[in-house]
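Undergrad: Below: sequence and its predicted model.
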Amino acid sequence: MDVHQGARRLGLLLLTVHLGVLLWVTVHTTPTPWVADTNLTPLASVRVELEAGTAQAYLELLRSILALAPLGVLLPLAGGRRDAPAFASFARTLLTGILIATAIEVVQTTLGLKMANVDDILLAVLGIALVHLAVVPAGRAWLRRRADASGQGVGESPERAPKSAPDRSPEKSPEIRSLRSTGSGRVRIIGGADATALPAREA
C-alpha cells in the first residue's frame with residue numbers, strides 16, 4: 001500500500017501542533033476551588049449534566065466532544081494512506097484516540113487540575129469517531145476519483161510502429177535487382193533508368 005509522503009508530513013505537522021496546543025492549554029489551566037469527584041462509571045456524569053439542563057452543562061459536554069475531534073482527520077492524514085481499508089482506518093484512529101485521551105486525562109489528574117472522569121475519555125472518542133466518519137471516507141473517495149480522472153486525462157499516446165527502412169537487398173532494390181554475369185563477359189545492371197554494361201572483371 002503506497003504512502004503519500006507529502007500528506008504524511010502535513011498530517012504529522014498538524015497533529016503535533018494540535019496536541020502541543022492542547023497540552024499547553026491543559027497544563028496552564030487554573031485549578032478551580034471545587035472539582036467533581038472521581039467518576040469511573042461510564043455516562044454517569046453525562047446524565048448529571050443533561051439533567052441539569054443548563055447552558056453551561058451543554059457547553060461542557062460540547063467541549064469534551066470537540067477537544068480531540070480533529071484527530072479523526074489528522075491521524076489518517078498522518079498515515080498518508082489514500083487507499084486504506086475503511087474499517088481498519090476507523091479502528092486504528094479510535095484506538096489511537098483512546099490512548100491520547102487517556103494520556104491527557106492522566107496528566108490532568110496528576111497535576112491536580114481535575115479528578116479522573118471516564119466520561120471525558122468516552123466523549124473525546126465520540127468526537128473523534130464522528131469527525132472521522134463524516135470526513136475521511138468521503139475525502140478518500142474524492143481523492144481516488146480525482147486520481148482516476150487525472151490518469152485518464154493524461155493518457156499516453158500509442159506508440160507508433162517504427163517505419164521499416166527501405167529494403168536495399170539486391171533482389172528487391174528498384175535500382176539494382178540483380179547482378180548477373182552474362183555469357184558475353186559483361187555484367188548488366190537491370191532496373192535503373194539507364195541500362196549500362198560494364199566490363200566484367202576477369203578471374
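TA: Nice, thanks for sending it over. Numbers count the residues shown, from 1 in each chain.
Undergrad: Please enumerate the strands of this protein.
TA: 179-181, 186-189, 197-199 (DSSP state E).
Undergrad: I'd like the mean pLDDT over the longest one, please.
TA: Looking back up the chat, that one is strand 186-189. The average pLDDT within strand 186-189 is 49.
Undergrad: Would you state the helices of this protein in chain order?
TA: 5-27, 44-52, 55-66, 71-79, 86-110, 118-153 (DSSP state H).
Undergrad: helices or strands next to the fourth one in the packing?
TA: Applying 3 or more C-beta pairs under 8 Å, 6 or more residues apart in numbering; DSSP states H and E, one finds that helix 71-79 contacts helix 5-27, helix 86-110, helix 118-153. The C-beta positions use only the backbone N, C-alpha and C, and glycine is treated the same way.
Undergrad: between the ones you listed, which gets nearest to Ala78?
TA: Ala78 sits nearest to helix 5-27 of all the helices and strands packed on helix 71-79, at 3.3 Å, using C-beta to C-beta.
Undergrad: List the neighbours of the closest one that are in contact with it.
TA: Outside of helix 5-27, the residues that reach it under the criterion C-beta atoms under 8 Å, 6 or more residues apart in numbering are 67-68, 70-71, 74-80, 82, 100, 104, 107-108, 111, 113.
Undergrad: what does stretch 87-107 give?
TA: Against stretch 87-107 from outside (C-beta under 8 Å, 6+ apart): 19, 22-23, 26-27, 68, 71-72, 75-76, 79, 81, 116-117, 120-121, 124-125, 128-129, 132-133, 136.
Undergrad: Enumerate the positions of that stretch that are buried.
TA: 89-90, 92-94, 96-98, 100-102, 104-105 (16 or more other C-beta atoms under 10 Å).
Undergrad: Name the spans of this protein whose pLDDT lies under the cut-off.
TA: 1-2, 30-36, 152-203 (pLDDT under 70).
Undergrad: hang on, the earlier thing: burial-wise, tell me which of the helices of the chain comes out on top.
TA: When the helices of the chain are scored by mean count of other C-beta atoms under 10 Å, the highest mean neighbour count falls to helix 71-79 (a mean of 23).
Undergrad: Could you find the closest non-adjacent residue to Leu66?
TA: Leaving aside its sequence neighbours, Leu66 sits nearest to Gly127 (C-beta to C-beta, 6 or more residues apart in numbering; 5.7 Å).
Undergrad: And that neighbour, how far from Gly97?
TA: As defined by C-beta to C-beta, to the nearest Å, Gly127 lies at a distance of 9 Å from Gly97.
Undergrad: Indicate which one of the helices and strands packed on helix 71-79 is closest to Leu61.
TA: Of all the helices and strands packed on helix 71-79, it is helix 118-153 that lies closest to Leu61, at 6.7 Å by C-beta to C-beta.
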